[in-house]
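Asker: sequence and predicted structure below; questions after.
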Amino acid sequence: MKSNYKKLRLILGDQLNIQHSWYTQKDPSVLYVLIEVRTETDYVWHHIQKACAFFAAMERFAETLDIEGHDTLYIKLDDPTNRQSFSANCDDLIKKYHIESFEYQLPDEYRLDVELKSYTVKLNIRSEACDTEHFYTTRDELGVFFEGKKGLLMETFYREMRKKHTVLMSGNEPEGEKWNFDADNRSKLPKNHNPYPPLLFSNNVQPQYERISNADIKTIGTVDPQNFYWPVDRQQSLQLLNYFTENCLLLFGTFQDAMHTDEWSIYHSRLSFSMNTKMLSPKEVVGAAIAAWEQNKKIISINQLEGFVRQILGWREYMRGIYWLKMPEFETLNYFDHQRKLPNWYWTGKTKMNCLKHSIAQSLNHAYAHHIQRLMITGNFALLAGIKPDEVDFWYLGIYIDAIQWVEITNTRGMSQYGDGGIIGSKPYTASANYIHKQSNYCDKCHYDRTKRTGEDSCPFNSLYWDFHDRHRNKLGKNIRLSMVYRLWDKMAPDIREATLLRANYCLENLDDL
Ligand code: FAD
Ligand code: SF4
């Protein structure tokens, strides 16, 4: 490396945005740095595929910068000079190169935001933080939008985003004359229906895998490092986007909520890792989907497209806005005061409940589960069983390839566990076996009987569902959206209610054995 740098620019592992204005000019006085640090690998038990994917994508990004003529330093985990935190490493570089100013892009995680802010306060050189230029919205835009309004409804925010960014609008009206096509998007996979297989790459992440293993970092899940199939650079991310718009978009909406034992991604895009690391921008993903629809309106119906756009322009931006509005309090919320430990089988998949066995095994094998598996299988069970949200967050933050706190905790503690008491959802997302059977084939070969609520072979979801609502009547009983649930419960014969609660109690006392 040269020695006459004036400016140090730190790039975090989820800031791999080659379209950022930092890179529009080559400036020989700027040194870019990417660093693999233990503070990032150890704050949770990451899936081994997630750890490998981040390191591989970071290295590819550094190579790209280098090729494009930006001086870039990549500090590996096992570099003897690596002091294993951003601040200590930056301190060394500032000293070594007599750096005069330090710059970074605003982190998406509260933890890193605090760390870097306090680091720059202590620095005796100039420092500056700039936007990541990735999202549609700024950090505080959602808060400003809802100021003085009642509630924080996602739907209201989403419609505003559609109008503001002129996405799927026909003048002032929504394209297709409706804002929301969710009702069309709840089909089960028909028998003998074979979705397009997921596009898999063949990357070699053996060096990254060895660095992680040699450092004895605690990870979960499995990986084939010589045949690593997640995208690790922008080119592969674009290929995946293209594959999605060509092959999966046409049935994305219809089967958005479907689950099946033989399929792990169905028509889902698997673009969350590429977007969360900023290899792809949400605008280009939404733009590509709209372009595909415009060219093929006869084949791709509006409900497929709207369902997809809603996830990105709606939910993704909304969750980020909620995160910045409600952190740091958000990570302590526990509305139901749930305190149970996560059952051991969340780490192994070894349970007799087929839906959970399947969703967890898939997560351990692929570092991926789609939204409904996360929400209505693993999340639903944790909520019904009264698991402490800290434990649930720890699991979700580690296991998924796309798990970064801003989008993990809002979905987990908020949407899935209702720990926020209704900031994100207007009622808890709970379901019994009925729903799971309607959306999947999981119940077909289960040890438990989906039709039973009591007895040794009854599906645990059924009794736990009623027990949960009974237990939390003081907090949920007045929720209009749950009035039907309580009416049904109250109409049941007392001996049936008692037997249901007894079975639920058995399940709660023996969670590890279910
Ligand atoms: P697709 O179904 O193809 O959707 C397209 C894109 O929309 C996704 O890539 C994602 O960027 C966005 N999206 C969809 N749903 C949401 C949502 N609810 N919130 C924010 N963005 C959304 N997503 C993460 O990116 N990281 C997480 O750590 C994460 N944790 C979750 C935990 C729980 C309990 C739940 C219920 C959901 C979580 N999600 C998380 C949201 C969602 O499940 C994933 O974004 C999605 O499954 C990723 O797969 P995909 O790219 O195939 O998504
Ligand atoms: Fe899951 Fe119950 Fe269905 Fe078994 S019967 S797969 S435990 S919902």
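Answerer: Thanks, I have the structure now. All values derive from a computational prediction rather than experimental measurement. Ligands and ions are numbered 1, 2, ... in the order given.
Asker: which one is the residue in the stretch 101-250 of the chain that ligand 1 sits nearest to nearest to, not counting chain neighbours?
Answerer: Residue nearest to ligand 1 within the stretch 101-250 of the chain (CB to the nearest ligand atom): residue 244, separated by 7.3 Å. For every residue, glycine as well, the C-beta is placed using N, CA and C. With CB to CB, 6 or more residues apart in numbering as the criterion, residue 244 has its nearest non-adjacent residue at 4.3 Å, and that residue is residue 269.
Asker: do the same with residue 323
Answerer: Residue 323's closest residue in space is residue 406 (CB to CB, 6+ apart), at 4.4 Å.
Asker: what's the burial count for the one you found?
Answerer: 23 (other CB atoms under 10 Å).
Asker: circling back: helix or strand: which one has the residue nearest to residue 244?
Answerer: In this assignment (DSSP states H and E), residue 269 forms part of neither any helix nor any strand.
Asker: hmm, back to that, just the pLDDT at the residue nearest to residue 323, thanks.
Answerer: At residue 406, the model reports a pLDDT of 98.
Asker: tell me what whichever strand or helix holds residue 9 is packed against?
Answerer: Applying DSSP H and E as the criterion places residue 9 in strand 7-10. Applying 3 or more CB pairs under 8 Å, 6 or more residues apart in numbering; DSSP states H and E, one finds that strand 7-10 makes contact with strand 30-35, helix 86-96, strand 101-105.
Asker: C-alpha coordinates for that strand, CSV please?
Answerer: Coordinates of the C-alpha atoms in strand 7-10 are reproduced here as CSV (Å, rounded to 0.1, in the frame of the first residue of the first chain):
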residue,chain,number,x,y,z
LYS,A,7,-8.8,9.7,4.1
LEU,A,8,-9.9,6.4,5.5
ARG,A,9,-13.3,5.0,4.5
LEU,A,10,-14.6,2.1,6.4
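Asker: just how off-centre is it within its chain?
Answerer: Here the centre of strand 7-10 is set off from its chain's centre by 29 Å, with CA atoms, centre = their mean, to the nearest Å.
Asker: do the same with stretch 471-488
Answerer: Worked out by CA atoms, centre = their mean, stretch 471-488 lies 29 Å from the chain centre.
Asker: flag every buried residue along it.
Answerer: 471, 472, 476, 482, 485, 486 (16 or more other CB atoms under 10 Å).
Asker: looking at those residues, which are in helices?
Answerer: Mapping those onto helices (DSSP state H) picks out 471, 476, 485, 486.
Asker: which among these gets closest to residue 327?
Answerer: Comparing those against residue 327 with CB to CB picks out residue 476 as the nearest, at 25.5 Å.
Asker: dump the residue contacts of the residue nearest to that closest one when sequence neighbours are not counted.
Answerer: Closest residue in space to residue 476, ignoring its immediate chain neighbours: residue 482 at 5.4 Å, by CB to CB, 6+ apart. By CB atoms under 8 Å, 6 or more residues apart in numbering, the contact set of residue 482 is 427, 469, 476.
Asker: likewise residue 47?
Answerer: 219, 220, 221, 363, 364, 367, 398, 399, 400, 401.
Asker: with residue 111 instead?
Answerer: 43, 405.
Asker: confirm it sits in a strand?
Answerer: No. Residue 111 is assigned helix when assessed by DSSP: H, G, I helix; E, B strand; the rest coil, not a strand.
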